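**Q** Just to be clear, the model below is a prediction. Sequence and coordinates:
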Amino acid sequence: MTTPAPGSATATAPASRSTFFAWTLWDVGNASFNAIMTTFVFTVYLTSSSFGSTEHTSAVLSAGLTIAGFFIALLAPLSGQRADVTGRRGLWLTANSLLLVLLMALCFFVAPSPDYLIWGVALLALGNLVNEFAVVNYNSILPTISARDTIGKMSGTGWAAGYFGGIVALLLVLVGFISPGLLGITEDGALNIRAVALFSAAWALVFSLPLILKVRSLPQAVRPDAPRTGILASYKQLFATVVRLYRHAPTTLYFLVSSAVFRDGLNGIFTFGGILAAGSFGFSTNQVIIFAIFGNIVAGAGAMLGGFFDDRFGPKRVIIFSLVALIAVAVSLLVWPSTTMFWVCGLALCAFVGPAQSAARSYLGRLVEEGQEGEIYGLYSTTGRAASFLAPTLFGIFVTLMGSQIWGIVGIIFVLLAGLLLMIPIKDPQVTTVR
């Protein structure tokens with residue numbers, strides 16, 4: 001068992017229940033953007049025939065999200081670094097959370113016409129950018145409100161809350177706006193789908209407010225030795241941090257790289273899960289949403305359970321076990337493809353994605369040094385974005401080579417396997433001070 005080094009960001013005792021509850025609720029609110037806007041409803045709307053051919057709309061959406069990903073990779077660590085230096089993490093979390101709410105609300109004005117495709121994609125891309133900045137500051141709060149022996153459970157509970165928030169939000173969207181549409185909003189001009197954007201904005205605002213109101217009172221170490229610099233000097237300082245990590249805390253740097261790979265595989269499961277359900281297994285839109293609801297239930301339960309195992313056995317073992325299980329389940333679905341197997345294997349995949357995501361966040365929380373939470377979690381975001389082309393690229397390559405969409409699963413398997421192999425030799429979490 002390791003002990004934190006001087007300067008460890010993890011608190012000596014957990015934060016109050018009200019603080020942790022407020023932190024958790026933010027994840028619930030963020031679920032409306034992740035589950036509704038970017039995964040199951042609004043992106044499906046933007047790639048529908050109302051905006052043009054499937055090939056064209058998918059290409060435009062992909063280009064928009066790629067551009068957003070580039071700017072996230074470029075700016076996320078800088079955003080976190082400057083929050084560390086100035087001690088204004090709360091300000092940036094608040095600003096980005098509220099801006100995300102505004103961007104989601106503006107999606108209401110994206111009418112079902114090819115003329116509005118660029119507008120819709122631009123709003124979604126900006127939303128991804130702003131959301132990632134908010135998440136960097138949100139994640140960097142975790143080590144400051146959790147003790148070393150509870151950080152896994154707290155991270156898992158946060159992930160679970162996000163999943164369960166997604167469940168409730170999707171259920172309300174399905175019943176209230178889509179089928180049977182109890183709110184009575186007409187489908188003319190896709191008004192019912194566009195109204196979902198307003199619902200998502202309101203959902204995010206309500207559940208973000210508790211943390212927004214409390215965040216300025218939370219502890220944050222300010223780095224007095226780090227001068228306030230311009231943008232170019234900040235990048236120079238960031239590069240120096242990477243060099244220091246390589247020399248004095250290689251475990252942190254190696255984990256950033258390996259986690260970037262396997263996290264892209266985890267994202268690929270959700271990104272292409274709905275696409276495979278509809279394209280390879282004949283699911284309707286309603287069936288995809290119903291599967292998503294059950295998938296979020298299983299993923300949330302898995303994340304919460306994984307959090308307890310994280311504190312008991314360590315995050316590395318949770319990550320390794322989850323990746324091995326994910327690969328085995330994905331292979332099973334490829335070997336025995338059927339609607340029944342998709343339900344069984346798809347839910348099993350969701351069960352192991354949650355623990356891996358949660359353990360990755362808590363792993364880094366055990367490593368990060370006090371006063372560098374924002375910068376390191378910014379690098380966590382950047383490395384993840386830098387590797388975000390792997391799963392989509394390999395998915396597309398195998399679909400093209402084999403002539404069938406279901407073979408894209410092989411691409412995701414390869415990404416998960418690569419992440420597993422990179423993760424195996426990395427040491428268990430141990431805080432190492434970077435000087």
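**A** Cool, the structure landed.
**Q** residue boundaries of the helices in the stretch 251-400 of the chain?
**A** Assigned by DSSP state H, counting those that start in this stretch, the helices in the stretch 251-400 of the chain fall at 285-313, 315-335, 339-367, 373-386, 390-402.
**Q** Render the CA-only coordinates of stretch 38-58 in PDB, please.
**A** Taking Å, rounded to 0.1, in the frame of the first residue of the first chain, the C-alpha atoms of stretch 38-58 are listed here in PDB:
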ATOM      1  CA  THR A  38     -24.500  14.100 -28.600                       C
ATOM      2  CA  THR A  39     -25.400  10.400 -28.500                       C
ATOM      3  CA  PHE A  40     -29.100   9.400 -28.900                       C
ATOM      4  CA  VAL A  41     -31.300  12.300 -30.100                       C
ATOM      5  CA  PHE A  42     -29.800  15.500 -31.500                       C
ATOM      6  CA  THR A  43     -27.000  13.900 -33.500                       C
ATOM      7  CA  VAL A  44     -29.500  11.400 -34.900                       C
ATOM      8  CA  TYR A  45     -31.700  14.400 -35.900                       C
ATOM      9  CA  LEU A  46     -28.800  16.200 -37.600                       C
ATOM     10  CA  THR A  47     -27.900  13.100 -39.700                       C
ATOM     11  CA  SER A  48     -31.500  12.500 -40.700                       C
ATOM     12  CA  SER A  49     -32.800  12.900 -44.300                       C
ATOM     13  CA  SER A  50     -34.200  16.300 -43.300                       C
ATOM     14  CA  PHE A  51     -30.700  17.800 -43.700                       C
ATOM     15  CA  GLY A  52     -29.600  15.800 -46.800                       C
ATOM     16  CA  SER A  53     -28.100  12.400 -47.600                       C
ATOM     17  CA  THR A  54     -26.800  10.300 -44.700                       C
ATOM     18  CA  GLU A  55     -23.300  10.300 -46.200                       C
ATOM     19  CA  HIS A  56     -23.300  14.100 -46.500                       C
ATOM     20  CA  THR A  57     -24.700  14.900 -43.000                       C
ATOM     21  CA  SER A  58     -22.500  12.300 -41.400                       C
END
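**Q** and that stretch, which residues are buried?
**A** For stretch 38-58, a neighbour-count test (16 or more other CB atoms under 10 Å) marks 38-47, 50-52, 57 as buried. C-beta: built from backbone N, CA, C; applies to glycine.
**Q** mind checking which of the helices of the stretch 251-400 of the chain is nearest Leu182?
**A** Closest of those to Leu182 is helix 285-313, at 14.4 Å (criterion: CB to CB).
**Q** Flag the shaky bits of the stretch 251-400 of the chain, pLDDT-wise.
**A** In the predicted model, the stretch 251-400 of the chain carries pLDDT under 70 at residues 371.
**Q** How about the stretch 1-150 of the chain?
**A** Scanning the stretch 1-150 of the chain for pLDDT under 70 picks out 1-15, 55, 80-87.
**Q** residue ranges of the helices in it, please?
**A** Counting by DSSP H, counting those that start in this stretch, the helices of the stretch 1-150 of the chain are 17-31, 42-46, 54-86, 89-106, 117-145.
**Q** out of these, which comes closest to Ile412?
**A** It is, among the helices of the stretch 1-150 of the chain and with distance given as CB to CB, helix 54-86, at 16.9 Å.
**Q** same for the closest one, what does it pack against?
**A** helix 42-46, helix 89-106, helix 117-145, helix 231-248, helix 373-386 (3 or more CB pairs under 8 Å, 6 or more residues apart in numbering; DSSP states H and E).
**Q** what's in contact with the shortest one?
**A** Around helix 42-46, the neighbours that count as contacts under CB atoms under 8 Å, 6 or more residues apart in numbering are 36-37, 57, 61, 107, 110, 112, 117, 120-121, 124, 190, 193, 196-197, 200, 274, 285.
**Q** can you do 10 Å?
**A** 33, 36-37, 51-52, 57-58, 60-61, 64-65, 104, 107, 110, 112, 116-117, 120-121, 123-124, 127, 190, 193-194, 196-197, 200, 271, 274-275, 278, 285, 288-289 (CB atoms under 10 Å, 6 or more residues apart in numbering).
**Q** Which members of those are classed as buried?
**A** With burial judged by 16+ other CB under 10 Å, the buried subset of those is 33, 36-37, 51-52, 57, 60-61, 64-65, 104, 107, 110, 112, 116-117, 120-121, 123-124, 127, 190, 193-194, 196-197, 200, 271, 274-275, 278, 285, 288-289.
**Q** Pretty sure Val399 sits against Ile412.
**A** No. Val399 lies out of contact with Ile412 (CB atoms under 10 Å); the separation is 11.3 Å.
**Q** Now do the shared contacts for the two.
**A** With CB under 10 Å, 6+ apart as the test, Val399 and Ile412 both reach Phe272.
**Q** Please identify which of those two sits among more neighbours.
**A** Ile412 (30 against 20; other CB atoms under 10 Å).
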